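Visitor: sequence-free structure coming up:
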């Protein structure tokens, strides 16, 4: 159990057990699987057979280039596919972001965090984070990704197990003992 002093402006008034890197990684994997289960069927509906055939062609070209000792531009090839229209953009970008923020707002956790009995709290008072904190936390993910995901790896060495996104937003991820 991590101890916190109630006099410090950064410390919650109660004692919380912070969730470490590997448990949060497991939650991320669970969340990724949930996203795939929801998005793949929707994407299959949106993308026509020609989109999948084009993607398969790009992958085949990349494999052939690689086998011949070349350096295939897989990211560029996939990027050229683009979105198959506004509905595809909604499915791939808007829906995941809105779902993430709604889970944070109404459950203080994603499905992965709920599976490991964890929740997001305000680092100052131990209560529910504000809408602003949740939005800043989401935007902080982009900071945590750069460079090389160091902001996420930081969770493994930080005394309160905060990633850069948590530090920026003033949040903690703790075990939900309620």
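Guide: Alright, I've got the coordinates. All figures in this text were calculated on a predicted structure; none of them were measured in a lab. Numbers count the residues shown, from 1 in each chain.

Visitor: contact partners for the most centrally placed residue in the chain?
Guide: When the chain is reduced to its mean C-alpha position, the nearest residue by C-alpha atoms, centre = their mean turns out to be residue 28, at 6.5 Å. Contact criterion C-beta atoms under 8 Å, 6 or more residues apart in numbering gives residue 112 as the residues in contact with residue 28. (C-beta placed from N, C-alpha, C; glycine too.)

Visitor: and if we set it to 10 Å?
Guide: When contacts are counted by C-beta atoms under 10 Å, 6 or more residues apart in numbering, residue 28 is found next to 110, 112-113, 152.

Visitor: quick one: which of the residues you listed is nearest residue 167?
Guide: Lowest distance from residue 167 to the contacts of residue 28 (C-beta to C-beta) belongs to residue 152, with 12.0 Å.

Visitor: got the confidence number for that closest one?
Guide: As summarised for this prediction, residue 152 has a pLDDT of 95.

Visitor: now do the contacts for it.
Guide: When contacts are counted by C-beta under 10 Å, 6+ apart, residue 152 is found next to 21, 24-25, 28, 141, 144-145, 163-165.

Visitor: helix or strand: which one has it?
Guide: helix 150-153 (DSSP states H and E).

Visitor: give the buried residues for that helix.
Guide: Along helix 150-153, these residues count as buried under the neighbour rule (16 or more other C-beta atoms under 10 Å): 151-152.

Visitor: how far off centre is that helix?
Guide: Here the centre of mass of C-alpha atoms in helix 150-153, compared against the chain's by C-alpha atoms, centre = their mean, to the nearest Å, lies 12 Å away.

Visitor: show me what the helix or strand hosting residue 65 is packed up against.
Guide: In this structure, residue 65 sits in helix 49-67 according to DSSP H and E. Using 3 or more C-beta pairs under 10 Å, 6 or more residues apart in numbering; DSSP states H and E as the contact test, the elements touching helix 49-67 are helix 21-46, helix 74-81.
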